[in-house]
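> I would like the atomic coordinates for the input below:
(one chain, ligands or ions: 1)
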Amino acid sequence: MSAVLEFPVKQNEIISYNPATGLELGRVENTSEADVKTAFENGSKAFQAWRKTSFAERKKIVMKAREVILAELDEIARLISDESGKPIAEALSAEIVPVLDLMQYFARNAAKILKPEKINIGQLGLIGRSSKILYQPLGVVGIISPWNFPLAIPLGEVVMALMAGNTVILKPSELTPLVGLKIGEIFEKAGLSENVLRILTGDGRTGAALVDAGVNKIMFTGSVATGKRIAENAAKTLTPVVLELGGKDPMIIFGDADLEIAASAAVWGAFTNSGQACSSVERLYVEETIAEEFTAKVVEKTRRLTHGFGSEAATDVGSMISENQLKTVENHVADFEKSGAKILTGGKRKADSTGAFFEPTVISQAKNSMRGMREETFGPTLPIATFKTEQEAVELANDTDFGLTASVWTNDLAKGRRVAENILAGTVTVNEVLYTHGIGQTPWGGFKQSGYGRTHGKLGLLELVAPQHIHVNRFPLIPNVWWFGYSQNAIDTFKAMARHFSAGSLVQTMKLTPQMLKRLKELRKK
Ligand code: NAD
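Here you go, the predicted model:
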């Protein structure tokens, strides 16, 4: 891919390219460590006022930001497509539509989800104590995001963090900084002050500086290697992190599934976003009895895909993000061939292309021992392996270091649920594939090397607050029986408490009354 460089690159500058054409789209600052520190200080100051805003005020800004997006729908979709290579159709369907839904959901429901919660403390409640949990905002939340969903991933987290009362610093991917800056612009137009949401463009060094800056939480989405580095750095300051990392997601097709639908799902699940989704189908296991028929359908549907510029309305599969990413795919495909798998269609870079185009590739006779079945490929490949029994399917699916999502296809829903519950992944879908990151109401996150913590849904919002327990004694007139003034009588009381009070039953607790009164009388004398 040849990049057209009209101006020399400055040291503190990052160039954004259109990966389909190799042409420059714009230049942004590679933010220095000192500027990250200043942004953090400003964000901390702004937090003092923002934390006091009501949910209604925050909702107003988020709903206004939705209107800004709707007013600039075409322009934003085009920018996403130009900077990432994905089809405009997918910029709309997989980024803008779901994030608009997420925005209205959290704008309308954050207050309800984060409402102070009374806790039933059992017998202690009967003697005047009460407990509740408040969900306090954390402070400044640092969001570090990847390039593959440059709008939906960071914007969703920005909205959740703001609704919870935090200020935010977002460091978008250096490959898609213009979409990152667009998020800032959208909120500026919605009336949000710059220090409540700050976008800092830059590469990994800017990200590392954000982790070091003292932010109150890091929400990271990206590769396993970077996630580990961030966890290590964050441990030095005990900065809490949520890690949303890579996947090697399996799709299991049983013989009783609707093969036509399952084949269309497999093709979309493997090749949407040019296969560059963390929950892309990266391994497909099909029941041996139907493998031939199913694979033929997959190949036929793959050959019908339109592969080209994302800017064209009828493009199904666009360019990949970069030459580097394409090389990983080439290496995995070469390794498949070398190890005895068969390339049924695709398998190479698109002829005469200007950018990072790799043909949608279907591979049969894949084995779990092959490199492309173990490492994340993150490109348009669909390796197919076969299985004989339900147990074997589960074992093959679980034979991986990753655990982000998985999908199971069968017309027997009881079997589908049973298999789903046996797969070690943060999300398992039955007769659905890939798309649940687009359901803002449900939790998103991985098992194993796919990361920890959650984003989206109630569990995701709870990552952005500090649960604070407030405990009150409304009758502080009597000393507690467990206070000083220990004696044989005290020990007898505690033994009786162990037997009766700790049983969690009112009837049992009542049996304690004489012993309690004896102990209180003793305490009054001390
Ligand atoms: P990446 O790890 O290379 O970069 C992600 C972000 O981290 C970028 O903004 C980058 O600048 C920043 N970064 C790099 N080094 C850093 C450091 N030392 N400290 C702090 N920040 C640093 O990932 P990528 O190539 O942008 O994204 C692709 C990966 O993301 C794939 O592995 C994919 O599976 C994963 N992903 C996961 C999810 C999910 O929700 N689990 C979603 C999308 C993508």
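
> from here on, contacts and neighbour counts on C-alpha atoms
Will do.

> Check the secondary structure at V286 for me.
strand (DSSP: H, G, I helix; E, B strand; the rest coil).

> you'd agree it is up against E390?
No. Using CA atoms under 8 Å, V286 is not in contact with E390, being 10.6 Å away.

> Those two: which has the busier surroundings?
Taking other CA atoms under 10 Å, V286 and E390 do not tie; V286 has more neighbours (23 against 14).

> and the more buried one, bridged to which residues?
I253, T386 (DSSP bridges).

> ok, R474 to N411 distance?
Distance check for R474 against N411: by CA to CA, to the nearest Å, it reads 58 Å.

> Show me which of the two is the more surrounded one.
N411 (15 against 10).

> Check the closest residue to the more buried one other than its chain neighbours and give its pLDDT.
Excluding the flanking residues, the one nearest N411 by CA to CA, 6 or more residues apart in numbering is A257, at 5.2 Å. A257 carries a pLDDT value of 98.

> Could you do G125 as well?
pLDDT recorded at G125 is 89.

> Close to the ligand: what parts of this protein are there?
144-147, 172-174, 203-204, 207-208, 221-223, 226, 229-230, 244-247, 278 (CA under 6 Å from any ligand atom).

> For the stretch 251-400 of the chain, which segments count as strands?
281-287, 342-345, 361-364, 381-387 (DSSP state E, counting those that start in this stretch).

> just to revisit the earlier point, list the contacts of the residue nearest to N411.
W409, T410, N411 (CA atoms under 8 Å, 6 or more residues apart in numbering).

> Kindly report the same for G43.
Applying CA under 8 Å, 6+ apart, the residues contacting G43 are V140, T167, V168, I169, N195, V196, L197, R198.

> can you redo the strands of the stretch 251-400 of the chain as JSON lines with mean pLDDT?
Shown next, in JSON lines, are those (pLDDT from 0 to 100):
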{"stretch": "strand 281-287", "mean pLDDT": "98"}
{"stretch": "strand 342-345", "mean pLDDT": "98"}
{"stretch": "strand 361-364", "mean pLDDT": "98"}
{"stretch": "strand 381-387", "mean pLDDT": "98"}
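
> Tell me where the model's unsure across the chain.
Across the chain, the ranges flagged by pLDDT under 70 are 1-10.

> Let's see that with 80 instead.
Within the chain, the segments meeting pLDDT under 80 span 1-11, 526.

> what residue of it is the furthest out?
In the chain, counting by CA atoms, centre = their mean, K525 sits farthest out from the average C-alpha position, at 59.8 Å.

> quick one: that one and the ligand, what's the gap?
K525 sits 62 Å away from the ligand, going by CA to the nearest ligand atom, to the nearest Å.

> related to what we said a few turns ago, among the residues of the chain next to the ligand, the buried ones, what's the PyMOL command?
Command for PyMOL that selects the buried part of the residues of the chain next to the ligand, burial taken from 16 or more other CA atoms under 10 Å:
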select buried, resi 144+145+146+147+172+173+174+203+207+208+221+222+223+226+230+244+245+246+247+278
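
> from the residues of the chain next to the ligand, which ones fall inside helices?
Counting by DSSP state H, the part of these found in helices is G204, G207, A208, T226, R229, I230.
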